[in-house]
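>>> here is a sequence with its predicted model. Questions after.
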Amino acid sequence: MLTLRPFDETRTRLLYAHQMRRDFPPSELKELHTILNMQRAGRYDVLGAYDGGMMVAYALVYRPEEGGTLLLDYLAVEERARGRGYGTALLSALRAHYAASADVLLIECERPKAAPDEAQARKRIRFYVQAGAQLTNVRIWLFEVEYSILVLPCTGDLPAQDWAKRMLSLYRQMLPPAMYERNVRLIRG
């Protein structure tokens, strides 16, 4: 069983410098100051997942003031721990961790047909679906990357929702207005 531990600002800086820069392409990585500002405002959780004393994975989650809908912004498993079920265990731990304050975690996955590595993008989506997420028909263009949106319930079954509206609302809260207008688009059809 994994234990989730919140990171303070110092640990977040180290995670960003060592793991996140390694695990995510520059086009998908937020600036460190953006992450820290949201963390300081109490809207962004940086969580390490530990098996015993060893960190095996981590997740960064955006939490808007009104709660309900969260954004799983980043999730990665340490290279030495991959292939052992830690990613799935982390998703399960996140669901339990947020069950009292949220109904869903929204997840962005690069759309396979638009991804540089279509097979890898399909593998990521398959991972989330096998862990209990549902692929929606929502596609978002975000900072020049096209994403498919998945929904992972924190409690029970998923009610029918306007996932596009909920996703756009999260981005409006996370980004300054001008940045939102330039870099976020709902893709129709």
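Good, I have the coordinates.
>>> okay, strands next: where are they in this protein?
For the chain, the strands defined by DSSP state E occupy 3-6, 44-51, 54-62, 68-77, 102-110, 134-142, 145-153, 184-187.
>>> can you redo the ones you listed as CSV with mean pLDDT and mean neighbour count?
Heads up, the C-betas are built off the backbone N, CA and C, glycines and all. As requested, the strands of the chain are arranged in CSV below (pLDDT from 0 to 100; neighbours: other C-beta atoms under 10 Å):
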stretch, mean pLDDT, mean neighbour count
strand 3-6, 97, 14
strand 44-51, 97, 20
strand 54-62, 97, 21
strand 68-77, 94, 21
strand 102-110, 92, 22
strand 134-142, 91, 17
strand 145-153, 92, 21
strand 184-187, 92, 14
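>>> which among the ones you listed is found nearest to residue 28?
Judged by C-beta to C-beta, the one of the strands of the chain that comes nearest to residue 28 is strand 145-153, at 6.6 Å.
>>> given that closest one, what are its sheet partners and their directions?
strand 102-110 (antiparallel), strand 134-142 (antiparallel) (DSSP bridges).
>>> for residue 34, find the nearest of those strands.
Ranking those by proximity to residue 34 (C-beta to C-beta) places strand 134-142 first, at 13.8 Å.
>>> thinking residue 63 is in contact with residue 45, fair?
Yes - taking contacts as C-beta atoms under 8 Å, residue 63 lies within contact range of residue 45: 6.3 Å.
>>> go ahead and confirm residue 59 touches residue 70.
No - in this structure, residue 59 is not within contact of residue 70 by C-beta under 8 Å, at 10.5 Å.
>>> who are the contact partners of residue 122?
With contacts defined as C-beta atoms under 8 Å, 6 or more residues apart in numbering, residue 122 is in contact with residue 112.
>>> before we move on, back to that, make CSV from the strands paired with strand 145-153 and add distance to residue 120 to it.
Output for those, formatted as CSV (distance: least, C-beta to C-beta, whole Å):
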stretch, distance to residue 120
strand 102-110, 8
strand 134-142, 16
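>>> residue 24: which of these is closest?
strand 102-110 (11.1 Å).
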